[in-house]
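Student: Provided below for reference: sequence and predicted model.
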Amino acid sequence: MAKIIPFKAVLPTADKVALVTTRSYDEYSATELASWLDFNPFSFLHIMSPAYINQQKIGINERFKMVANKYNDFKRDGILVKQDKPAMYLYKIETKKNVFVGIMAGTSVADYQGNQIKKHENTLEYRVNTLKDYFKITQFNTEPVLMMYPENDALQQWISDKQKTTPLYDFSTTNREKHTLWSINSQEEIDFITNLFDSFENLYIADGHHRSASAHLLHQENTDSSNHKLDYFMSFLISENNIKINEYNRLVHDLNNHSIPDFLSLLDKDFVVIKRDEQIWKPTQKFEFGMYLEGNFYSLQLKEIPNSTNKLETLDAQLLYDKILNPILGIEDLRTDSRIDYIPGNKSLLEMIDKIDNGAFKIGFNLFPASIEEIKYLADNDLTMPPKSTYIEPKFRNGLIIYEL
């Protein structure tokens with residue numbers, strides 16, 4: 001059973017919602033960030049980066065305090081408003097290629113601790129601790145954990161009917177996305193949804209393992225607290241059939257002192273290597289890899305399909321590491337090795353080509369995306385994917401819905 005709750009959110013005023021909300025802070029280049037901060041006084045980026053010019057000169061905890069102060073300034077000025085009534089929210093994101101619809105609600109730290117909420121990625125201790133300190137000092141979170149639930153006809157019908165009602169917000173953004181938000185605040189609707197989720201045996205984290213782990217750590221540090229808001233963390237709950245799983249493509253700076261003929265010869269042990277005439281080539285099935293080297297694309301087809309029921313051993317990202325990245329190219333730690341970098345699969349392969357053609361990297365590999373079944377198998381069996389195995393959509397607008405701690 002999965003416990004979810006409504007909560008008293010903080011929301012932008014309707015007239016400023018398109019001005020306030022932003023992409024994830026990490027997605028902005030320094031130049032783009034400076035431009036947004038300069039011309040848009042309502043941008044949530046002012047909260048996320050309150051000391052942009054001098055942020056390298058202050059400590060991280062001091063910066064977090066400045067985030068909290070700027071957040072309170074936005075509330076004082078009426079740009080952000082605390083809602084009087086607990087609610088859940090139906091949230092629809094329309095991109096150029098996909099439509100995502102899910103429910104924003106509070107999910108239970110106890111469910112996370114008890115493994116009713118399943119995980120498939122390892123977390124880095126320093127990142128979990130940093131996020132925990134951020135939540136503790138700022139006292140808010142605006143980036144939900146993306147969580148999957150099993151397809152359910154009754155819930156899907158309710159979601160379809162709800163979209164026919166008048167939304168709370170309906171706005172477009174400069175990156176050509178449309179965002180629509182409906183408030184779910186009647187007791188009848190809330191009871192219907194919570195009872196449905198109570199019937200689900202498990203939920204699965206799709207994206208946000210560090211945020212959920214940080215919420216858990218903060219809760220552990222405050223077990224004697226009467227602040228029950230720490231018992232939950234904000235999540236975007238979406239049907240497992242409605243998420244988009246992209247691959248993460250790999251770029252490596254060098255061939256680990258191998259010549260190109262020697263490198264291709266080493267690949268021949270495990271792969272059928274075919275030089276492709278296409279300007280851009282992508283794998284079309286599992287156990288197939290794309291490779292870009294010296295201005296040419298190659299397909300790498302695994303000669304021997306692993307005979308294993310353990311889906312970690314048959315995961316394409318793991319096979320690429322086991323067969324090429326580690327034994328041939330000498331990549332040890334996928335998280336920390338400075339010789340490797342990653343490009344999410346929602347970006348054009350032209351970006352990978354450009355980075356290699358201009359000499360920044362020597363070789364690139366593109367993968368076939370992992371499946372929902374692989375993610376759930378790993379989570380159910382307490383196994384974890386290699387770093388940067390999946391880039392999962394949707395992504396959310398910062399400052400649209402805020403969960404206060």
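Tutor: Yep, it's here.
Student: Determine the three-state secondary structure at the nearest residue to Val101 once chain neighbours are set aside.
Tutor: Spatial nearest neighbour of Val101, excluding adjacent residues (CB to CB, 6 or more residues apart in numbering): Lys92 at 4.7 Å. Just so you know, the C-beta spots here come from the backbone N, C-alpha and C atoms, and that holds for glycine as well. Secondary structure, DSSP: H, G, I helix; E, B strand; the rest coil: Lys92 is strand.
Student: Count the neighbours of the residue lying closest to Asp270 once chain neighbours are set aside for me.
Tutor: Leaving aside its sequence neighbours, Asp270 sits nearest to Lys323 (CB to CB, 6+ apart; 4.9 Å). Counted with other CB atoms under 10 Å, the neighbours of Lys323 add up to 18.
Student: so who does Lys323 touch?
Tutor: Taking CB atoms under 8 Å, 6 or more residues apart in numbering, we find Lys323 in contact with 270-271, 302.
Student: Just the ones of those residues in strands?
Tutor: Mapping the contacts of Lys323 onto strands (DSSP state E) picks out 271, 302.
Student: Make CSV from the contacts of Lys323 and add distance to Pro86 to it.
Tutor: Formatted as CSV, the contacts of Lys323 follow (distance: CB to CB, whole Å):
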residue, distance to Pro86
Asp270, 56
Phe271, 55
Leu302, 52
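Student: Which of the contacts of Lys323 are buried, as a PyMOL select command?
Tutor: Under the burial definition 16 or more other CB atoms under 10 Å, those of these that qualify are selected in PyMOL by:
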select buried, resi 270+271+302
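Student: hang on, Gln392 packs against Ile245?
Tutor: I think there's a mix-up here, since residue 392 is Ile and not Gln. Yes: under the criterion of CB atoms under 8 Å, Ile392 makes contact with Ile245 at 5.6 Å.
Student: Please identify which of the two sits among more neighbours.
Tutor: When neighbours are counted by other CB under 10 Å, Ile392 and Ile245 differ, and Ile392 comes out ahead with 20 against 17.
Student: Can you classify the more buried one as helix, strand or coil?
Tutor: The local conformation at Ile392, judged by three-state DSSP, is strand.
Student: Next, the contact list for it, please.
Tutor: Neighbour list for Ile392: 146, 206-207, 243-246 [criterion: CB under 8 Å, 6+ apart].
Student: just for this structure, where's the confidence low?
Tutor: Applying pLDDT under 70 to the chain flags the ranges 51-57.
Student: Which residue ranges make up the domains of it?
Tutor: Domains of the chain are assigned by automatic domain parsing as 4-242, 246-389.
Student: wait, which of the ones you listed is closest to Glu404?
Tutor: domain 4-242 (5.0 Å; CB to CB).
Student: now that closest one, how far from the centre of its chain.
Tutor: 12 Å (CA atoms, centre = their mean, to the nearest Å).
Student: Would you mind measuring the gap between the ends of it?
Tutor: One end of domain 4-242 sits 20 Å from the other (CA to CA, to the nearest Å).
Student: do stretch 218-236 as well
Tutor: Using CA to CA, one end of stretch 218-236 lies 20 Å from the other.
Student: got the contact list for that stretch?
Tutor: For stretch 218-236, contacts defined as CB under 8 Å, 6+ apart pick out 4-5, 7, 91, 102-110, 112, 132, 135-136, 141, 144-147, 203, 208, 211-212, 215, 394, 396, 401, 403-405.
Student: Filter those residues down to the buried ones.
Tutor: If you count burial by 16+ other CB under 10 Å, the buried members of the contacts of stretch 218-236 come out as 4-5, 7, 91, 102-109, 112, 132, 135-136, 141, 144-147, 203, 208, 211-212, 215, 394, 396, 401, 403-405.
Student: Sort out for me which of those are in helices.
Tutor: Among the buried ones among the contacts of stretch 218-236, the members falling in helices (DSSP state H) are 109, 112, 132, 135-136, 211-212, 215.
Student: Looking at those, spot the one nearest Pro167.
Tutor: The nearest member of these to Pro167, counting by CB to CB, is Arg211 at 26.2 Å.
Student: so what's that closest one closest to, chain neighbours aside?
Tutor: Spatially, and ignoring its direct neighbours in sequence, Arg211 is nearest to Val145 (5.3 Å; CB to CB, 6+ apart).
Student: and what of Lys355?
Tutor: Nearest residue to Lys355 in three dimensions, chain neighbours excluded: Phe361, at 5.1 Å (CB to CB, 6+ apart).
Student: can you tell me how far Tyr232 sits from Asp26?
Tutor: 25 Å (CB to CB, to the nearest Å).
Student: Among those two, which residue is more densely surrounded?
Tutor: Using other CB under 10 Å as the criterion, Tyr232 and Asp26 rank with Tyr232 on top: 23 against 6.
Student: and that one, bridged to which residues?
Tutor: With DSSP bridges as the criterion, Tyr232 is bridged to Ser108.
Student: where along the stretch 251-400 of the chain do the strands fall?
Tutor: Secondary structure of the stretch 251-400 of the chain (DSSP state E, counting those that start in this stretch): strands at 271-276, 288-293, 296-302, 340-344, 363-366, 390-393.
Student: Just list what the longest helix seen in the chain packs against, helices and strands only.
Tutor: In the chain, with assignment by DSSP H, the single longest helix is helix 60-76. The contact analysis (3 or more CB pairs under 8 Å, 6 or more residues apart in numbering; DSSP states H and E) places helix 60-76 against helix 45-48, strand 80-82, helix 125-138.
Student: helices and strands around the last one, which ones?
Tutor: Same thing as helix 125-138. Packing contacts for helix 125-138, counted by 3+ CB pairs under 8 Å, 6+ apart, involve helix 60-76, helix 209-220.
Student: any idea of the angle that helix forms with helix 60-76?
Tutor: Inter-element angle recorded for helix 125-138 and helix 60-76: 40 degrees (by axes from the mean of the first three to the mean of the last three CA atoms, to 10 degrees).
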